[in-house]
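Here's my sequence, what's the structure:
(one chain, ligands or ions: 1)
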Amino acid sequence: MISLKNKKVVVVGASSGIGRALSKMFSVEGAIVYLISRTREKLGKVQKELSGVSSIHTMDMLDDVAVEKVFEEIGAFDFLTFTAVSDKTKLMSPIKSMTNETAQRGMEKF
Ligand SMILES: NC(=O)c1ccc[n+]([C@@H]2O[C@H](COP(=O)([O-])OP(=O)(O)OC[C@H]3O[C@@H](n4cnc5c(N)ncnc54)[C@H](OP(=O)(O)O)[C@@H]3O)[C@@H](O)[C@H]2O)c1
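Below you'll find the model as predicted:
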């Protein structure tokens, strides 16, 4: 298995669910974990559960300017995990009522 010791690991969607669980696992493995979602308070709770070095960054992944700013702050990283899913994309709606933009976002994960 790859060693995560001192590797920079970015988790988009770290404040709950899979992202939260992965963040804890990466931290136990010695990674430097960059916790990202929209909600600082929820990320703060996750950070308290981690054993190693981590930092909190808030952004709405649908906001290109915010995404660019956060990734500039973080700089080079080793691994990215992306578990966030936006409720605004309405990807679970009937396909015949989806706009082209929504369908395109499904392909892009956002
Ligand atoms: N959990 C499972 O067992 C499971 C199984 C199969 C598939 N999945 C799929 O895996 C994905 C993740 O599941 P999950 O259980 O981890 O979901 P979750 O607990 O709802 O977590 C979603 C994460 O995405 C973040 N998020 C939502 N909108 C965002 C936005 N616009 N910008 C930035 N961050 C945003 C949320 O944080 P904030 O609200 O703080 O922004 C949260 O951290 C979903 O697509 C789910 O359907 C889950």
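
What's the per-residue pLDDT of Q104 here?
With respect to pLDDT, Q104 scores 73.

any idea which helix or strand carries it?
Per DSSP states H and E: Q104 is located in helix 100-108.

where does the chain dip in pLDDT?
Applying pLDDT under 70 to the chain picks out residues 87-93, 105-110.

bridging residues for the residue nearest to the spatial centre of it?
Geometric centre of the chain, nearest residue: V12, 0.4 Å, by Cα atoms, centre = their mean. V12 has the following beta-bridge partners by DSSP bridges: I36, F82.

Just confirm it contacts L35, I think it does.
No: the pair V12 / L35 is not scored as a contact, 9.3 Å apart, by Cβ atoms under 8 Å. The C-beta positions use only the backbone N, C-alpha and C, and glycine is treated the same way.

how about the residues of the protein that lie near the ligand?
Applying Cβ under 6 Å from any ligand atom, we find that the chain lies next to the ligand at 13-19, 37-39, 42, 60-62, 83-86.
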